[in-house]
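> need a 3D model of the sequence below.
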Amino acid sequence: MVDFFQCLKICSSPKKIFLIGPNHYYQGTQPVSLSSLPWKTPFGSLRTDRSLVARMKTRLGLPEDPDAFSGEHSLSVLIPFVKFYFPDSKIVPVLLKPDVPEPMLERFGDQLLEFLGQPSHVIILSMDFSHNCPSETADAADQAAQEAITFLRDGQTSTLHVDCRSGLRALLKTLRRLDNIQADFRDHTNSAILTGHRDQTNVTSYFTIFFLQRSQPSSSLSLNNR
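Take a look at the predicted model:
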């Protein structure tokens, strides 16, 4: 995570960050959970972009759903890093359940596209890849995921071994609407490699990926593993 944020800081100085993650525990009441509450970190309070959250609520026809964020590690683990590396940035935190209705996911993608209209805006998708399988099985599943992500094949996300399929689908579909997007795969590993227990049967795998718009070097979109 340190490596990811150090690289992001080199190539971008985001004023606003769209931070997306899976709703692991199905908390809250909405398929897409939004909150305008600030986040406490060891480095001070991280502010949300309240006006953009309000716009999202209107676009999606949803109320705020702050209870969904309680104890949800997909975003909370990254919040201190955001505050440390980009202390003046504001965030838009979003949690997605797997069963987001397609029309709502389309509207969510439209909002992502509008957000990326500014070069000072960045999207981070916090998402794990393969779960609960041996390394060999994870490697094969990760290869399929890497191919789908490389070619922005949003229609294949329903079969990929990832824990935020709805978020990945919305992101890839949004990126397809932009010009000259290229995926830069910086790192790939899994928990068996990280712990040194190569015979582990329940690995979780990870990628660090940057999406870059080559025609506009100052623009940077990001997909981050945890």
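> show me where pLDDT drops low in this structure?
For the chain, the stretches with pLDDT under 70 are 215-226.
> how about the strands in it?
16-22, 32-34, 39-41, 44-46, 90-96, 121-126, 181-190, 205-213, 220-224 (DSSP state E).
> looking at those, which is closest to Arg198?
Nearest of the strands of the chain to Arg198, taken as Cβ to Cβ: strand 181-190 at 9.9 Å. For the C-beta atoms, the positions are set from N, CA and C on the backbone; glycine is no exception.
> now do the helices in the protein.
For the chain, helices defined by DSSP state H occupy the ranges 2-11, 50-60, 73-76, 79-85, 102-115, 135-150, 165-176, 191-195.
> okay, these, which one's buried deepest?
Most buried of the helices of the chain by mean neighbour count (mean count of other Cβ atoms under 10 Å) is helix 165-176; its value is a mean of 24.
> which helices and strands sit right next to it?
Contacts defined by 3 or more Cβ pairs under 8 Å, 6 or more residues apart in numbering; DSSP states H and E place helix 165-176 against strand 16-22, strand 90-96, helix 102-115, strand 121-126, helix 135-150, strand 220-224.
> just how off-centre is stretch 58-65 within its chain?
Relative to the chain's own centre, stretch 58-65 is displaced by 19 Å; criterion: Cα atoms, centre = their mean, to the nearest Å.
> tell me how far the ends of it are from each other?
The straight-line separation of the ends of stretch 58-65 (Cα to Cα, to the nearest Å) is 14 Å.
> what is Phe185 paired to in the beta sheet?
Ile209 (DSSP bridges).
> who are the neighbours in contact with it?
Gln146, Thr150, Phe207, Thr208, Ile209 (Cβ atoms under 8 Å, 6 or more residues apart in numbering).
> straight-line length of stretch 167-186, end to end?
The stretch stretch 167-186 measures 20 Å between its terminal residues, going by Cα to Cα.
> now stretch 151-171
Distance between the boundary residues of stretch 151-171 (Cα to Cα) amounts to 13 Å.
> ok, Gly71 - contacts?
Tyr25, Gln27.
> surely Tyr25 and Ser74 touch.
No - at 10.0 Å, Tyr25 does not count as touching Ser74 under the criterion of Cβ atoms under 8 Å.
> what pairs with the residue nearest to the spatial centre of the chain across the strands?
Ranked by distance to the mean C-alpha position of the chain (Cα atoms, centre = their mean), the top residue is Leu125 at 0.6 Å. Beta-bridge partners for Leu125, by DSSP bridges, are Ile20, Leu223.
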